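Participant: The following comprises the amino acid sequence and a computationally predicted model.
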Amino acid sequence: MAKMIHSMIRVLDEGRSVEFYGKAFGLAIADRIEFETFTLVYLSNPETDFELELTVNQGRIEPYALGNAYGHLAFSVDELATEHERLSALGLSPGEIGELNRDGKLFALFFFLTDPDGYKIEVIQRHGRFQ
């Protein structure tokens, strides 16, 4: 059976991205590997073995075009309103809390946040399939 281990995004400024994901989601550098033309930075936290891989291409100064195929990363939290308040206090500008219902029942309670490179991140309350 295959095991999903990480997702990769390209970022312009390693320090800015590491700081953002640390403040927003408690991710810290698990590993950092330098190559001749790029650096791989693996971020994780104790909640899961899954990692976020940041790829930093040396010399890149133009923002990446995210295109219309990219969707979002997602993080689950115990208490969405508290997390929304915390991120707001950090000046990270989370979007409004949304609710998605199906068959008269709550399916998802969520908001979106944007990282320094423009990637969308869904923050969703742990409920149902979103644990």
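Facilitator: Yep, it's here. Numbering: from 1, shown residues only.
Participant: going forward, measure contacts and count neighbours with C-alpha atoms only.
Facilitator: OK.
Participant: residues in contact with stretch 50-68?
Facilitator: Around stretch 50-68, the neighbours that count as contacts under Cα atoms under 8 Å, 6 or more residues apart in numbering are 4-14, 37-44, 117-119.
Participant: and residue 45, what are its bridge partners?
Facilitator: Going by DSSP bridges, residue 45 is paired in beta bridges with residue 48.
Participant: That one is in contact with residue 24, isn't it?
Facilitator: No. Counting by Cα atoms under 8 Å, residue 24 is not a contact partner of residue 45; they are 11.7 Å apart.
Participant: And the biggest helix by length in the chain, what's buried?
Facilitator: Criterion DSSP state H: the longest helix present in the chain is helix 14-25. By neighbour count with 16 or more other Cα atoms under 10 Å, helix 14-25 contains the buried residues 14, 17-18, 20-22, 24-25.
Participant: Also stretch 83-101?
Facilitator: For stretch 83-101, by 16+ other Cα under 10 Å, it's 83-84, 87, 92, 94.
Participant: Which stretches in the protein count as helices?
Facilitator: For the chain, the helices defined by DSSP H occupy 14-25, 80-89.
Participant: want to throw those helices into CSV with distance to residue 31?
Facilitator: As requested, the helices of the chain are exported to CSV (distance: least, Cα to Cα, whole Å):
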stretch, distance to residue 31
helix 14-25, 12
helix 80-89, 25
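Participant: what's the domain layout of the chain?
Facilitator: Using automatic domain parsing, the domains assigned to the chain come out as 1-59, 71-131.
Participant: Those into a markdown table, with extra columns for mean pLDDT?
Facilitator: Shown next, in a markdown table, are the domains of the chain (pLDDT from 0 to 100):
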| stretch | mean pLDDT |
| --- | --- |
| domain 1-59 | 94 |
| domain 71-131 | 94 |
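Participant: okay if I get those as JSON lines plus distance to residue 65?
Facilitator: Shown next, in JSON lines, are these (distance: least, Cα to Cα, whole Å):
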{"stretch": "domain 1-59", "distance to residue 65": "10"}
{"stretch": "domain 71-131", "distance to residue 65": "9"}
